[in-house]
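1. A predicted structure for the sequence below; I have some questions about it.
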Amino acid sequence: MYFSKCVCCREYRSVDADGVCEACGGKFYADDVTSPIHYTWIEGIECKDVVKHMEWAIGNAVKYLWRCNHKGNRAKDIKKAIECCKIALTTKQGDEK
């Protein structure tokens, strides 16, 4: 199930096949640049709003895992997340080794 913002009521709602809000009949935002569906599938939470609080490598690992079941190549996204975690292990300053 995917969620997106309705143009009319500006609330996150589930997306149906026609892209119509069941609450008000409005159309959903479909912006593949600023809010792609594979990053907005949790109601009210967008991946970029979570990862902006993380260091680069950890944020990217979370991003790849966030989208892995929604973008199309699950195994590839999981492998990318693992690589980002390896980078995080070697670059985090102040961590015990």
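-> The structure has been received and is ready for your questions.
2. compute the distance between residue 23 and residue 42, please.
-> As judged by CB to CB, to the nearest Å, residue 23 and residue 42 stand 18 Å apart. Any C-beta I mention is one placed from the backbone N, CA and C, and that applies to glycine too.
3. next one: residue 66
-> Counting by CB to CB - residue 66 and residue 42 are separated by 8 Å.
4. where do the strands sit along the chain?
-> For the chain, the strands defined by DSSP state E cover 3-5, 12-14.
5. looking at those, which one has the lowest mean pLDDT?
-> Mean pLDDT values for the strands of the chain show the minimum at strand 3-5, a mean of 63.
6. got the domain ranges for the chain?
-> What automatic domain parsing lists as the domains of the chain is 1-45, 49-91.
7. just give me the longest helix of the chain.
-> Ranked by residue count, the top helix of the chain under DSSP state H comes out as helix 74-91.
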